[in-house]
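**Q** give the three-dimensional model of this entry:
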Amino acid sequence: MSKKIFLGKNFKKEKNVIVGIMPSRNIKNKVLKLGANAVIRSGSVIYAGSKIGDNFQTGHNVVVREEIEIGNNCQIWSNSVLDYGCKIGNNVKIHSNCYIAQYSVIEDDVFIAPGVIFANDIHPGCKYSRQCMKGPLVKKGAKIGCNVTVLPYVVIGENSLIGAGSVVTKDVPSNSVAYGNPARVVAKISDLKCKTGLTDKPY
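**A** The predicted structure is shown next:
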């Protein structure tokens, strides 16, 4: 199949943007579909072979690799990389300086703060490592704080909150607050109070 690029209505891009670059990997589907109202800012690169929904926005110097599915109303901010084979839901915000490893899954309404790193290789350097690659699964509504590292195969449950600087080595149950190295569950979301006093339930 030859490369094809389908751009939705009201597509906007700044200077020095590359849309539809061919990957070095041999992939079957080389079609790039980008939904309506996309805004791609300078320095960003979007590879062929991905499907991206409506209202997609990037910051500067964002890389979106091939074989990625992204839903509607997603934002990927400056200097972040989505590696190939990821699935991203609707209403997801990935902040600046993040790396989302191959074969990661991020469900709807997830917030990822600056500096978050996902890993996907359980034994780097092994000749079989590519066959075993699997990134984290972040379930609906979860929030991940600044500079968190999430290891391969980890599942972060729905509506959970991961504190800044944590290293998540094991699954986190839904509606939990976890932090530390290694991250441990310390509370439930329902236990949290707003420090400013503006609301009783911040989540």
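**Q** what's the lowest-mean-pLDDT helix or strand in the chain in contact with?
**A** Ranked by mean pLDDT, DSSP states H and E, the weakest helix or strand in the chain is helix 129-132, scoring a mean of 83. With contact meaning Cβ atoms under 8 Å, 6 or more residues apart in numbering, helix 129-132 is reached by 121-123, 126. Every residue, glycine included, has its C-beta placed from N, CA and C.
**Q** low pLDDT regions in this structure?
**A** Low-confidence segments of the chain (pLDDT under 70): 1-3.
**Q** now do the buried residues in the least confident helix or strand of the chain.
**A** Within helix 129-132, no residue counts as buried by 16 or more other Cβ atoms under 10 Å.
**Q** adjacent strands (with direction) for the helix or strand following that helix?
**A** Scanning forward in sequence from helix 129-132 by DSSP states H and E, the next helix or strand is strand 137-138. Using DSSP bridges, strand 137-138 pairs in its sheet with strand 105-106 (parallel), strand 155-156 (parallel).
**Q** can you redo the ones you listed as JSON lines with mean neighbour count and distance to residue 198?
**A** What follows is these, written out as JSON lines (neighbours: other Cβ atoms under 10 Å; distance: least, Cβ to Cβ, whole Å):
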{"stretch": "strand 105-106", "mean neighbour count": "23", "distance to residue 198": "28"}
{"stretch": "strand 155-156", "mean neighbour count": "23", "distance to residue 198": "26"}
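**Q** export the ones you listed to a markdown table and append columns for distance to residue 11.
**A** Shown next, in a markdown table, are these (distance: least, Cβ to Cβ, whole Å):
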| stretch | distance to residue 11 |
| --- | --- |
| strand 105-106 | 24 |
| strand 155-156 | 33 |
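**Q** pull the number of nearby residues for residue 167.
**A** 17 (other Cβ atoms under 10 Å).
**Q** what does residue 141 give?
**A** Quick note: residue 141 (other Cβ under 10 Å) scores 20 neighbours.
**Q** check residue 159 too.
**A** Residue 159: 18 neighbours (other Cβ under 10 Å).
**Q** ok, and the closest non-adjacent residue to it?
**A** Of all residues not flanking residue 159 in the chain, residue 141 sits nearest, at 4.3 Å (Cβ to Cβ, 6 or more residues apart in numbering).
**Q** ok, residue 12 next?
**A** residue 39 is the one closest to residue 12 (Cβ to Cβ, 6+ apart), at 4.9 Å.
**Q** from residue 62, how far off is that neighbour?
**A** According to Cβ to Cβ, to the nearest Å, residue 39 stands 11 Å off from residue 62.
**Q** kindly report the same for residue 128.
**A** As defined by Cβ to Cβ, residue 128 lies at a distance of 31 Å from residue 62.
**Q** between those two, which is the more surrounded one?
**A** The neighbour comparison of residue 128 against residue 62 (other Cβ under 10 Å) goes to residue 62, with 25 against 8.
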